[in-house]
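In: everything below, folded, please.
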Amino acid sequence: MEGNWALARKRRTLEQRARIVQTIRAFFMERGYLEVETPHRIPGNAPECHIDPVGSDGWFLHTSPELCMKRLLAAGYPRLFQICRCWRSDERGGRHLPEFTMLEWYAADRDYHFLMEECEALLTTLVPSGTLTWQGETLHLAPPWERLTVAEAFARHADLSVAEALAADRFDEVLTEKVEPHLGRQRPTLLYEYPATLAALARRHPRRPDVAERFELYLAGLELANAFSELTDVTEQRARFRADEAARRAAGKRPVPEPEKFLEELSAMPPAAGIALGLDRLVMLLTDAATIDEVVAFTPELL
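Out: Numbers count the residues shown, from 1 in each chain. Coordinates of the predicted model:
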């Protein structure tokens, strides 16, 4: 019986991926993080307008381990990380898979600036030379990286302001088409201070409540990570969840239940910062792979 060439040709990349994962684990363990495993099947995810969860026998596969990891923070665990599979319906493309691998980590008594520094340290550890070439483009990873507010990025690269984009319901479109292609060129970009209306589970900036303490990491125009100083106000978080769920239902999407146990325990969570990083995309960059298909053993089409 002939072997599967589509699988066989990925061997070198999968070996590189395994070494990358081992280095990531060592990085966090050396920094005092506890590796945890949380359930993949849960009663409900945090409602998000642009993310559709996959149903599983009346519950849902998690779109992120976020809620369970924050419950561990609330129970007194100071530093946590997890590498796990996540699922999001109808996500497929050269940079997207419906089943993908996420790296998430959380630190109590820290904010999003701390996570910016940890991103710099992690990439420096993974690329000791300080230089990365991806698809012919050279990136210089030595910190400090570019730190750019969303307002500055729109002023520099878009034809309308953040306020105008929000008013026209075009923020995501303009960010994706006009701004993102320019980010992370030559060196990584940390895009921060998102509008408060797009805070998700991030807290508002204490001195500038119109923006949230949130950033996204970009390399070579590729969005790699999403990070927050975490919101711990239960009343505000519940209101945000209900507004997001109302928007989902207005768009004709399947209703999702409110994550009540998370909300019940949120008030016990200390000030903290958390980040979700797409591991498959990171491996793409580190192995000079053009598409996400090249860095996973099985895509949906091979099953």
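
In: quick one, helices of the protein?
Out: 5-8, 11-30, 66-74, 112-126, 150-157, 162-167, 171-174, 234-250, 260-266, 279-287 (DSSP state H).

In: show me which parts of stretch 270-282 are buried, residue by residue.
Out: Neighbour-count burial for stretch 270-282, counted by 16 or more other C-beta atoms under 10 Å, picks out Ala272, Ala273, Gly274, Ile275, Ala276, Leu277, Gly278, Leu279, Asp280, Arg281, Leu282. Any C-beta I mention is one placed from the backbone N, CA and C, and that applies to glycine too.

In: re the thing from before, rank the helices of the chain by mean pLDDT and give me the bottom one.
Out: When those are compared by mean pLDDT, helix 5-8 comes last with a mean of 87.

In: which residues does it contact?
Out: Ala297, Phe298, Leu302 (C-beta atoms under 8 Å, 6 or more residues apart in numbering).

In: ok, stretch 196-211 next?
Out: By C-beta under 8 Å, 6+ apart, stretch 196-211 touches 46, 48, 66, 112, 149-150, 166, 171, 193-195, 212-214, 228-233, 237, 240.

In: make a PyMOL selection of whichever of these turn out to be buried.
Out: This is how PyMOL selects the buried members of those, with burial counted by 16+ other C-beta under 10 Å:
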select buried, resi 46+48+66+112+149+150+171+193+194+195+212+213+214+228+229+230+231+232+237+240
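
In: so who does the closest residue to Pro39 other than its chain neighbours touch?
Out: Nearest residue to Pro39, sequence neighbours excluded (C-beta to C-beta, 6 or more residues apart in numbering): Cys68, at 6.6 Å. By C-beta under 8 Å, 6+ apart, Cys68 lies in contact with Thr38, Pro39, Ile42, His62.

In: I'd say the first one and Gln82 touch.
Out: Which is Thr38. Yes: assessed by C-beta atoms under 8 Å, Thr38 is found in contact with Gln82 at 6.6 Å.

In: what sits in contact with each of these two?
Out: Pro65, Met69.

In: nearest to Asp90, of the helices of the chain?
Out: Minimum separation from Asp90 across the helices of the chain (C-beta to C-beta) falls at helix 234-250, 14.0 Å.

In: number of residues surrounding Asp109?
Out: 11 (other C-beta atoms under 10 Å).

In: now it: how far from Ala273?
Out: 9 Å (C-beta to C-beta, to the nearest Å).

In: is Arg214 bridged to anything, and to what?
Out: Beta-bridge partners for Arg214, by DSSP bridges, are Phe228.

In: do you know how far it is from Thr124?
Out: 23 Å.

In: again, but for Gln135
Out: Relative to Thr124, and taking C-beta to C-beta, Gln135 is found at 21 Å.

In: who has more neighbours out of those two?
Out: Between Gln135 and Thr124, counted using other C-beta under 10 Å, the more crowded position is Thr124 (15 against 11).
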